[in-house]
Each structure stands twice: as structure tokens, then as C-alpha cells.
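Enquirer: Just to be clear, the model below is a prediction. Sequence and coordinates:
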Amino acid sequence: MNIVETRNLAKYYTFDSGLRVEALRGINVNIEEGDFVSFMGPSGSGKSTLLNIVGCLDQPTSGNVFIEGREIDYRNSSNLVRLHRQTIGFIFQAFNLISTMNAMENVCYPLYFNRVPHSRQEKRATELLNLVGLGDRMHHLPSELSGGEQQRVAIARALANNPKLILADEPTGNLDSGTGKKVTDLMRKINREQGVSFLVTTHDHEMARTADRVIKLKDGKITD
Ligand SMILES: Nc1ncnc2c1ncn2[C@@H]1O[C@H](COP(=O)(O)OP(=O)(O)OP(=O)(O)O)[C@@H](O)[C@H]1O
């Protein structure tokens, strides 16, 4: 079963000057459930655009995306909300934690939106923070955590609602290589042990080495 499939996916930006930027030019990918896939390519090759469209944070100019065999309807906001609540988790380069909330509260946040009762939120967040090795940092604010620790909180947050798919845009981009390797290993461990599929954009060769598959992009196209 494919967790993600794209057909002839294109994204163009047109400016008043008449200039057209072709960020994606006919992308066809099939990602099997449980795969850990890295997208690599030079800056501007379309990696983030592709991830954002698969994650319903942006919509394509043309083409189709299927998640678990069902086509995403980008005009149907309840369809998009359901995917965000139940199926897809996100990890960002800049961690994007809420600065006024501690680690526990950041992980509870998506559970709160899914109307999980308060006592179960805390139980689940504790379980996840232990899983990412932050059992002793639960009440720390993001500013009181290192970059690698903040990214581990973000990984716990991404897992909160038991997603089938995690989309990670340059997750090691703000980390030194040693910390980046630990974050990569943690993501790989979660992939192997929990069967969560990962799509990761990266410039990091260590991340690419650990992936089941590396898909290379250049000028909005897949090169191999
Ligand atoms: N909102 C936008 N408006 C206009 N052009 C855009 C927009 N977003 C992206 N682009 C253009 O689309 C192309 C692909 O950008 P994208 O961010 O997907 O590349 P990337 O491979 O993720 O790059 P990087 O490795 O630097 O993050 C680039 O030429 C970029 O300038």
C-alpha cells in the first residue's frame, strides 16, 4: 500500500511582471507505507514545495496527491483538517515550538485540538517525552533546552496523534553534526519500531545514508 503517491504534480508561481517560477514540474512519486525517504537537491530545487503540498500546507497548480490511496481534495477544508489531525505529523527546521509553553504543554497541544481528555493528554505526552529521552526535561521551556532537545520535543509533538506519516523539512538543518545524527537516529528508530513513514527534505548526507530511499530533485524535477 502506498502511503503517498503523486501524479504529474506541478506548482508554478506567476508574478505581475509575467515572470513564472516553475517550482515543481511533473513530479511522480510512490512512497510505500513504512518507508523512510529523503529528498535531496540543491537550494531552490523544490523540496520544501513538494513537502508542503503533500502535507496540505500548500496546493498544487496541477496534478494529484493521494494519501493512503485517497486523493487529497485541496478545496475541502474538512478533508485537510482531518489529515492534519489524524494522519500527518510535521517537523520543521526551526523546531516551531510555542515559546511560552513548556515541553509537556507543547506535546499536549495537538492532543488538545483532537479533544483528548486532559488526563490522557498528560499521560501520552509523558510517554512520548520519555520515548525521545526527555523524561527529565518535561517542564522546561524551549528557551531552556538545547537545539537538539527542542527538536526532540518537536518529534514527540509530531507523534502525539499517532500519525501514519511524518513530514520533516530539514530537521537537522539548525543542528551541529553530532546532534543532527542523534536526531536522525531517533527518527529512524521511530520509523522502524512504530512503522511511521517519514518523508524528509535534507542537505545532510548522514540523513540520506540512513534513508531507505533517496529521491533527488533538480529544477523541480526528479533526476533519478
Ligand atoms: N511563495 C513563493 N513565491 C514564489 N516563488 C516561490 C515561493 N515559494 C518557493 N518559490 C520558488 O520555488 C522554487 C522552489 O523552492 P523550494 O523552497 O521548494 O526549494 P528547496 O529545494 O526547498 O530549497 P532550500 O533547500 O533552499 O530550502 C524556488 O525557485 C523558490 O524561489
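Expert: Ah, there it is. Numbers count the residues shown, from 1 in each chain.

Enquirer: For the helix or strand of the chain with the lowest mean pLDDT, name the packing helices and strands.
Expert: The least trusted helix or strand in the chain, going by mean pLDDT, DSSP states H and E, turns out to be helix 205-210, with a mean of 88. Here helix 205-210 touches strand 36-40, helix 177-194, going by 3 or more C-beta pairs under 8 Å, 6 or more residues apart in numbering; DSSP states H and E. (Glycine included, C-beta is placed from N, CA and C.)

Enquirer: Just give the strands next to the helix or strand following it in its sheet, each with its orientation.
Expert: Moving toward the C-terminus from helix 205-210, the next helix or strand (DSSP states H and E) is strand 213-218. Using DSSP bridges, strand 213-218 pairs in its sheet with strand 36-40 (parallel), strand 221-222 (antiparallel).

Enquirer: deepest of the ones you listed, which one?
Expert: Mean neighbour count (mean count of other C-beta atoms under 10 Å) peaks for strand 36-40 among the strands paired with strand 213-218, with a mean of 22.

Enquirer: Check whether the least confident helix or strand of the chain comes into contact with the ligand.
Expert: No: counting by C-beta under 6 Å from any ligand atom, the ligand has no neighbours in helix 205-210; the shortest distance is 13.1 Å.

Enquirer: Output that helix as PDB, restricted to C-alpha atoms.
Expert: The C-alpha trace of helix 205-210 is given here as PDB (Å, rounded to 0.1, in the frame of the first residue of the first chain):
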ATOM      1  CA  HIS A 205      24.400  13.200   3.800                       C
ATOM      2  CA  GLU A 206      24.100  11.400   7.200                       C
ATOM      3  CA  MET A 207      20.300  11.600   7.000                       C
ATOM      4  CA  ALA A 208      20.400  10.400   3.300                       C
ATOM      5  CA  ARG A 209      22.600   7.500   4.300                       C
ATOM      6  CA  THR A 210      20.100   6.300   6.800                       C
END
